[in-house]
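> Structure, please.
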Amino acid sequence: MTPSITINEFKKSIHKNACLLDVRRKTDVQASGVKIPGAVWQDPETIDTWITQLPADRPILVYCVRGGSVSQSVTDRLRQEGLNASFLEGGLNGWTDSNQEVVKTHIPNKAYEISREDMDILRNAKLSHEDMAHSLKVAQKALEIAGRTTQKLDMELVGRGALFHDLGKAQTHGIHHGELGAQMGKALGLPKKITDVMEKHIRGGMTPKEAIELDLPVKDYTLGTLEERIIIYADRLVDIITEKIVPIKTEKEAEDRFEEILKTIPKYGKNDITLERYLGYHREIRNLPGV
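Residues are numbered from 1 along each chain as shown. Have a look, this model is predicted:
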């Protein structure tokens, strides 16, 4: 039987540093506009993506609309992973019916799905299997990070910019792959905001001085949007997660140890300027609401 918790027990547990999850379906969140104070919304349809991000050392409280199948199935899954989870009897409806406090909730960023057509563009460009796998993983990680925050974001830019960022590797793995990828993207008719990511992602967004040193077109490659910075942050995280240079058990550990890893592994930090740039992105993104 799935462990449940009453409203009074729920209130006591919140004050004991429990992790509070709102697992209502997205349409229910959008229709309601309110949540229990302190709750973080997680899409029950993407539990495989976020389950590894949960704390193993704190009780986890889960609620849906009525305390029915949604919160119970999520609770069962969390417990299968060894987490101390239980669901709220009566759900949010029971909470509001007993005149408990609620707060306004932000509508989560609309999910974006990578299209088959975009994957075909990578295949037709003759991108290698390994580079395609990396690009897809970066897109998935960038969308996951962007989906956690209540900050309003262009999710299509996050997904497509991440997917296409390494298109130029179909021609070279050298320092010019960003420049060449942007040219390829323009020829394919990709939007400028996408080709900008392709061109600017080298070294995480360079200054004109750095471009001169690397024999690249002299211009400002600074990442001007949060979407661009999330993509480049995700790119470095995926390197850490997939290359196995640093032993990590979960993707969350890669985020938690990001600063340590970049400071100790020259491959990831590159040089002092690039290192500080990536650490700045890490700190900014980790401080976003919801992340």
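
> ok, Ser71 touching Leu61?
No - counting by Cβ atoms under 8 Å, Ser71 does not reach Leu61; the two are 9.6 Å apart. (Each C-beta comes from the backbone N, C-alpha and C, glycine too.)

> Show the contacting residues for His201.
Applying Cβ atoms under 8 Å, 6 or more residues apart in numbering to His201 gives the contacts His165, Gly178, Glu228, Ile231, Ile232, Asp235.

> Ok, Gln171 next?
His177, Leu180, Gly181, Met184.

> How about Ile231?
Taking Cβ under 8 Å, 6+ apart, we find Ile231 in contact with Val138, Ala142, Val158, Gly161, Ala162, His165, Val197, His201.

> Met155 now?
By Cβ under 8 Å, 6+ apart, the contact set of Met155 is Asn109, Lys110, Ala111, Tyr112, Leu143, Ala146, Gly147.

> thought Gly94 was touching Phe87?
No - using Cβ under 8 Å, Gly94 is not in contact with Phe87; the gap is 11.2 Å.

> which neighbours do the two share?
Gly67.

> more neighbours, these two?
Phe87 (28 against 18; other Cβ atoms under 10 Å).

> ok, the spatially closest residue to Glu113 that is not a sequence neighbour - contacts?
Using Cβ to Cβ, 6 or more residues apart in numbering and skipping the chain neighbours, the partner closest in space to Glu113 is Gly159 (7.7 Å). If a contact means Cβ under 8 Å, 6+ apart, then Gly159 has Tyr112, Glu113, Ile114, Ala139, Ala142, Leu143 as its contacts.

> separation between Gly159 and Ala111?
9 Å (Cβ to Cβ, to the nearest Å).

> what residues are shared contacts of the two?
Common contacts of Gly159 and Ala111, defined by Cβ under 8 Å, 6+ apart, comprise Leu143.

> hmm, back to that, any chance of the contacts of Gly159 in JSON lines, plus pLDDT?
Compiled in JSON lines, these are given as follows (pLDDT from 0 to 100):
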{"residue": "Tyr112", "pLDDT": "84"}
{"residue": "Glu113", "pLDDT": "85"}
{"residue": "Ile114", "pLDDT": "91"}
{"residue": "Ala139", "pLDDT": "95"}
{"residue": "Ala142", "pLDDT": "95"}
{"residue": "Leu143", "pLDDT": "92"}
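
> re the thing from before, redo the contacts of His201 as TSV? Include secondary structure.
Formatted as TSV, the contacts of His201 follow (DSSP: H, G, I helix; E, B strand; the rest coil):
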residue	secondary structure
His165	coil
Gly178	helix
Glu228	helix
Ile231	helix
Ile232	helix
Asp235	helix
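
> now these as a markdown table including distance to Ser128 and pLDDT?
Shown next, in a markdown table, are the contacts of His201 (distance: Cβ to Cβ, whole Å; pLDDT from 0 to 100):
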| residue | distance to Ser128 | pLDDT |
| --- | --- | --- |
| His165 | 15 | 97 |
| Gly178 | 17 | 95 |
| Glu228 | 24 | 97 |
| Ile231 | 20 | 98 |
| Ile232 | 21 | 97 |
| Asp235 | 17 | 97 |
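
> Of these, which is the nearest to Trp41?
Proximity of those to Trp41 (Cβ to Cβ) peaks at Ile231, which lies at 22.7 Å.

> just so I have it, where are all the strands in the protein?
Using DSSP state E, the strands of the chain run over 4-5, 19-22, 34-35, 40-41, 60-63, 85-88, 103-104.

> For Gly205, find the nearest of the ones you listed.
It is, among the strands of the chain and with distance given as Cβ to Cβ, strand 40-41, at 29.5 Å.

> outside of the closest one, which residues touch it?
Here strand 40-41 makes contact (Cβ under 8 Å, 6+ apart) with Cys19, Leu20, Leu21, Asp22, Val23, Arg24, Val29, Lys35, Thr105, Pro108, Gly290.

> Now do Ile261: how many residues are near it, please.
Number of residues near Ile261 (other Cβ under 10 Å) recorded here: 21.

> Out of the contacts of Gln171, grab the one that's most surrounded.
For the contacts of Gln171, neighbours tallied by other Cβ under 10 Å; top is Gly181, 28 neighbours.

> Contact partners for that one?
So Gly181 contacts Phe164, His165, Asp166, Leu167, Gly168, Lys169, Ala170, Gln171, Thr195, Met198, Glu199 (Cβ under 8 Å, 6+ apart).

> out of those, which is most surrounded?
For the contacts of Gly181, neighbours were counted using other Cβ under 10 Å, and His165 has the most, 30 neighbours in all.
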